[in-house]
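Student: Provide a 3D model corresponding to the input given below.
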Amino acid sequence: MPNKKVVQIFNIIPIIFVILWSSAFITSKIIVDNAPPFLSLSIRFSIVAFFFFSFFIFFSKNKKISLKAFIDASISGLLFHGIYLGGVFFAFSKGISATLIALIVSLQPILTSFLAKIYLNETLTKYQWIGIFLGFIGASIIVISDLIGDLSAIAFFAGIIGLISSSLAIIWQKKIGSNLSLSGNNFLQALSASVFHLFLALCFEDFLINFSKDFLLAMSWQIFAVSLGAFLILMWLLENNKANQTSTLFFLVPPVSALLAYLILEEKFIFVDFLGLFLSCLGVYIVSKFQKNMELKEQT
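Tutor: Model prediction:
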């Protein structure tokens, strides 16, 4: 029988993941207010790559990296940290709110269900279709409300690109297999993302950064708490076939992000925002819940 303390620790991990993942949207807004989006991401993942490389060198037993493992991990990095976070940070630079971008990209389980049906031949139940409908309606309510306000179309589409990339990343990560350690896998992911964002920064941005106290704190939080914390937890969960249980947690991210945005960024909410958040979270929960139930039936 597993030790009770160990079980308690594993039960706390999902809560930690949700808080860290939600906090990323708040600190991202602070970073983009002080620096160009792609340049800041390149700096962040260069530092993250250094830390994971150090972990890989000093603690990994198997230090061999095959060409296949290098390519697979690099593609994951481009999808997870490159296009996904690039879309999120670019949307912030165009004025999107932390609550709305968190809502958009947290519809990932719904889009992942669609992609799984196409690429993995998985079926959707009628309840999942209901969940997809509710998630779509909820997101549409907030998006239309913000578009009528001051949300730019380019910020919205940047968020959609991030959503698509994160869903493709989940599908990709579930399909590939690798004998790399977590530190080796995350090193290659961070390295590919840093190079990708540096290329975009060189092409489109001015290298101007306001090294304010808020910027340094937000960047430090993203490096250590998010990249070395939340993403490491995510990779661990995926490696241990816990992807769908993790997807269920995503329905908590928008309300937690909304609460943090209200407390830290002083973002305002109206009844329409709360209604959209509720419907979207309910839709994502239904899709993820019935996906988990289907998998349990298949195992029995």
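Student: Could you list the low-confidence segments of the stretch 151-300 of the chain?
Tutor: 177-179, 235, 237-249, 251, 288-300 (pLDDT under 70).
Student: Let's see that with 50 instead.
Tutor: Within the stretch 151-300 of the chain, the segments meeting pLDDT under 50 span 241-244, 294, 296, 298-300.
Student: which stretches of it form helices?
Tutor: In the stretch 151-300 of the chain, the helices defined using DSSP state H, counting those that start in this stretch lie at 153-175, 182-204, 213-221, 231-239, 243-249, 253-260, 271-299.
Student: of those, which approaches Ile144 most closely?
Tutor: Among the helices of the stretch 151-300 of the chain, helix 271-299 comes nearest to Ile144, with 8.9 Å by CB to CB. Yep, even glycine has a C-beta here, placed from its N, CA and C like the rest.
Student: follow-up on the earlier one: can you list the helices of the stretch 151-300 of the chain in JSON lines and add mean neighbour count and distance to Ile57?
Tutor: JSON lines is the format used below for those (neighbours: other CB atoms under 10 Å; distance: least, CB to CB, whole Å):
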{"stretch": "helix 153-175", "mean neighbour count": "19", "distance to Ile57": "24"}
{"stretch": "helix 182-204", "mean neighbour count": "21", "distance to Ile57": "9"}
{"stretch": "helix 213-221", "mean neighbour count": "16", "distance to Ile57": "23"}
{"stretch": "helix 231-239", "mean neighbour count": "18", "distance to Ile57": "17"}
{"stretch": "helix 243-249", "mean neighbour count": "19", "distance to Ile57": "28"}
{"stretch": "helix 253-260", "mean neighbour count": "22", "distance to Ile57": "34"}
{"stretch": "helix 271-299", "mean neighbour count": "18", "distance to Ile57": "37"}
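Student: Put together JSON lines for these, with distance to Phe52 on each row.
Tutor: Shown next, in JSON lines, are the helices of the stretch 151-300 of the chain (distance: least, CB to CB, whole Å):
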{"stretch": "helix 153-175", "distance to Phe52": "16"}
{"stretch": "helix 182-204", "distance to Phe52": "4"}
{"stretch": "helix 213-221", "distance to Phe52": "16"}
{"stretch": "helix 231-239", "distance to Phe52": "9"}
{"stretch": "helix 243-249", "distance to Phe52": "20"}
{"stretch": "helix 253-260", "distance to Phe52": "24"}
{"stretch": "helix 271-299", "distance to Phe52": "29"}
